[in-house]
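A.B. asks: Dropping the sequence and predicted coords here.
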Amino acid sequence: MLGRPLSILMVSPNLWFEGRSGVGMPVFWWETAGYARAGHRVTLCLYDERREDASREGGMDLVRFRVPGTKWGSRAGRVFDGVRGLEYLAPAACRAAWLAAYTGSALRRAAGLARPGRYDLVHAHSHWSVPAGWLLARRARVPLVVRYYGAEDLGVHAREPLLAWKYPDRFPAFRLPAARIVMTDDGSWDPAIARAFGASEARVVCLRNGVDHALGDATEDRAACRRALGLPEGLPVVLSLSRLAPEKRVEVPLRALAAVRGAWLVIAGEGGERRRLEALARALGLAGRVRFLGALHREGVKRALGASDVLVSAYRTANYSNHLWEAMAAGLPAVVADQGQGARYVQDGTTGVLVPDGGGEDALRRGFEGALAGLLADPVRRAAMGRAARAWALRELPSWEARVRQGEAIFREVLEEWRAA
């Protein structure tokens, strides 16, 4: 710790907290609980669709709140999303209404906590929490620090202005004043985003997420990991580690698997695309070689990494976040779609393979087919790439303890500026 313990009021949806939509070892949990482990007093005001209570977990005081109408609003948004003439208006209305309801519910639960002198700062996670965080910070008379885990959902405003009408919940992201906006350095940030929102680029700080440097230990007992997952010995296993959403393009490695004899594909993650992907696996005759694991927590992710030989990632926006970094720390080479910043994280031919993207889905699939076939047929090259990937991760990526210290330094810098103003 760099100085006296800080008191931090956090506001967040539960998306990352429970890892139910993605793949465990949630970045959100490691980061927020990390501040508590470092000795700071953390109160987390957390949206939970199932219950509303107060408890203590991970060294944090948890204050859970519910949002009325969440289920029906979500259903209405999905129904009208595909109706011609309403594909923008109806989902936008649902999002704007839910943002207002979310903000009101968070304020109802946390307003009594946000008294002057009780907290040093408010830390709002995701765009949903920015209005509530801003109002709570004003009430407590402390600065606001905003946390985003990627910029691809904000980038639509800079690249395709019409989509801004569909996603009005993103507007407060940069419009409302915050002392700092901390972005995950995953390759999705573009200064044009700040300019499009009329925000100061000087307030934006890009940091790489931390990674568990002990992940490489999981590969020491590969046979046990495979037995636990029901995977065969002696055959190559390819791992997809992501939320199952359209922008993740999990169907690309799934289709590529059809051209790679003998290989298995493990799909770890949950989301709205799961049924479609399961149907696609059956249609391609791959159901016997594809294993859907659903959402995983920490031990499950370590087991999936330990059972696998190669990571695949065909994200449409950014392929360079924790799913890749965790795989590299575990000693896996990666085959990823090159979104333009791939060389920052994957050394093509040394720690993995970059597949050119931009020539269409068929070209991307053929690129994945060739890259996977080459790597899986050459275990010596694959092992060398895995060692190089792990060495890079341990050298270039901070541990979670180091990442928490970086965040703490930002908090203290903000507080010094606040008190000097």
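C.D. replies: Sure thing, it's come through.
A.B. asks: Pull out the buried positions in stretch 175-184.
C.D. replies: 176, 178-184 (16 or more other C-beta atoms under 10 Å). Glycine gets a C-beta too; all of them are placed from N, C-alpha and C.
A.B. asks: Just the ones of those in strands?
C.D. replies: For these, the ones inside strands are 180-184, with DSSP state E as the criterion.
A.B. asks: Okay, helices next: where are they in the stretch 1-150 of the chain?
C.D. replies: In the stretch 1-150 of the chain, the segments counted as helices under DSSP state H, counting those that start in this stretch are 27-37, 70-81, 89-110, 130-140.
A.B. asks: How about the stretch 251-400 of the chain?
C.D. replies: Going by DSSP H, counting those that start in this stretch, the stretch 251-400 of the chain shows helices at 251-257, 274-283, 298-307, 322-329, 361-376, 379-396, 400-420.
A.B. asks: Just tell me which of those helices ends up closest to Arg141.
C.D. replies: Arg141 sits nearest to helix 400-420 of all the helices of the stretch 251-400 of the chain, at 9.6 Å, using C-beta to C-beta.
A.B. asks: circling back to that earlier point, show me which of the buried residues of stretch 175-184 is closest to Gly150.
C.D. replies: Using C-beta to C-beta, these come closest to Gly150 at Thr184, 5.4 Å.
A.B. asks: Quick check: the closest one touching Cys206?
C.D. replies: Yes - with contact defined as C-beta atoms under 8 Å, Thr184 reaches Cys206; the gap is 7.5 Å.
A.B. asks: Can you spell out which helices and strands pack onto the strand or helix carrying Ala194?
C.D. replies: Assigned by DSSP states H and E, Ala194 falls within helix 191-196. Other elements packing on helix 191-196 under the criterion 3 or more C-beta pairs under 8 Å, 6 or more residues apart in numbering; DSSP states H and E are helix 152-159.
A.B. asks: Give the rounded mean pLDDT of the helix it packs on.
C.D. replies: If you average the pLDDT over helix 152-159, you get 61.
A.B. asks: And for stretch 213-223?
C.D. replies: Here the average pLDDT along stretch 213-223 is 73.
A.B. asks: again with stretch 123-138
C.D. replies: Averaging pLDDT along stretch 123-138 gives 94.
A.B. asks: Just give me the neighbour total for Glu52.
C.D. replies: As a burial measure, Glu52 scores 15 neighbours (other C-beta atoms under 10 Å).
A.B. asks: Let me know whether it touches Arg66 as I believe.
C.D. replies: Yes - between Glu52 and Arg66 a contact is recorded at 4.8 Å, counting by C-beta under 8 Å.
A.B. asks: that older thread, buried set for the helix holding Ala194?
C.D. replies: Buried residues in helix 191-196 (16+ other C-beta under 10 Å): 193-194, 196.
A.B. asks: Nearest residue to Glu247 in space, please, no chain neighbours.
C.D. replies: Leaving aside its sequence neighbours, Glu247 sits nearest to Arg316 (C-beta to C-beta, 6 or more residues apart in numbering; 4.5 Å).
A.B. asks: my guess is that neighbour contacts Ala245, does it?
C.D. replies: No - assessed by C-beta under 8 Å, Arg316 is found out of contact with Ala245, at 9.7 Å.
A.B. asks: Quick one: the helices of the stretch 1-150 of the chain as CSV, columns for distance to Arg403 too.
C.D. replies: Listed next are the helices of the stretch 1-150 of the chain as CSV, based on distance: least, C-beta to C-beta, whole Å:
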stretch, distance to Arg403
helix 27-37, 7
helix 70-81, 31
helix 89-110, 25
helix 130-140, 21
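A.B. asks: Pick the most buried one from those helices.
C.D. replies: helix 130-140 (a mean of 23; mean count of other C-beta atoms under 10 Å).
A.B. asks: Report the inter-axis angle for it versus helix 89-110.
C.D. replies: 30 degrees (axes from the mean of the first three to the mean of the last three C-alpha atoms, to 10 degrees).
A.B. asks: distance of the nearest residue to Leu305 once chain neighbours are set aside from Ala393?
C.D. replies: Distances taken as C-beta to C-beta, 6+ apart place Ala330 nearest to Leu305, at 4.1 Å, with adjacent residues excluded. Distance, Ala330 to Ala393, using C-beta to C-beta, to the nearest Å: 8 Å.
A.B. asks: who's more crowded, the two?
C.D. replies: Ala330 (27 against 23).
A.B. asks: is it true that the more buried one touches His213?
C.D. replies: No - with contact defined as C-beta under 8 Å, Ala330 and His213 do not form a contacting pair (10.3 Å).
A.B. asks: so where is the stretch 201-350 of the chain shaky, pLDDT-wise?
C.D. replies: Applying pLDDT under 70 to the stretch 201-350 of the chain picks out residues 217-220, 317-320, 340-343.
A.B. asks: can we see that at 90?
C.D. replies: Low-confidence regions of the stretch 201-350 of the chain, defined by pLDDT under 90, span residues 201-204, 206-224, 233-234, 242-248, 261-262, 269-272, 295-302, 315-326, 338-346.
A.B. asks: Can you give me the neighbour number for Ser321?
C.D. replies: 23.
A.B. asks: swap that for Gln406, please
C.D. replies: The burial count for Gln406: 14, using other C-beta under 10 Å.
A.B. asks: Excluding chain neighbours, give the residue nearest to it in space.
C.D. replies: Spatial nearest neighbour of Gln406, excluding adjacent residues (C-beta to C-beta, 6+ apart): Leu207 at 5.7 Å.
A.B. asks: and that neighbour, bridged to which residues?
C.D. replies: Thr184 (DSSP bridges).
A.B. asks: Repeat that for Val237.
C.D. replies: Per DSSP bridges, residues listed as beta-bridge partners of Val237: Trp264.
A.B. asks: quick one: contacts for it?
C.D. replies: Going by C-beta atoms under 8 Å, 6 or more residues apart in numbering, Val237 touches 226, 231, 263-266, 307-310.
A.B. asks: which of those residues tops the neighbour count?
C.D. replies: Neighbour max across the contacts of Val237 (other C-beta under 10 Å) = Ser308, 29 neighbours.
A.B. asks: how far away is it from Val301?
C.D. replies: 11 Å.
A.B. asks: Over to Arg282?
C.D. replies: Counting by C-beta to C-beta - Arg282 and Val301 are separated by 26 Å.
A.B. asks: domain ranges for the chain?
C.D. replies: Structural domains annotated on the chain: 7-210+398-420, 213-396, as defined by automatic domain parsing.
A.B. asks: Now the residue positioned nearest the centre of the chain. Nearest residue, chain neighbours left out?
C.D. replies: Computing the C-alpha centroid of the chain and ranking residues by C-alpha atoms, centre = their mean puts Tyr149 first, at 5.8 Å. Leaving aside its sequence neighbours, Tyr149 sits nearest to Thr184 (C-beta to C-beta, 6+ apart; 4.9 Å).
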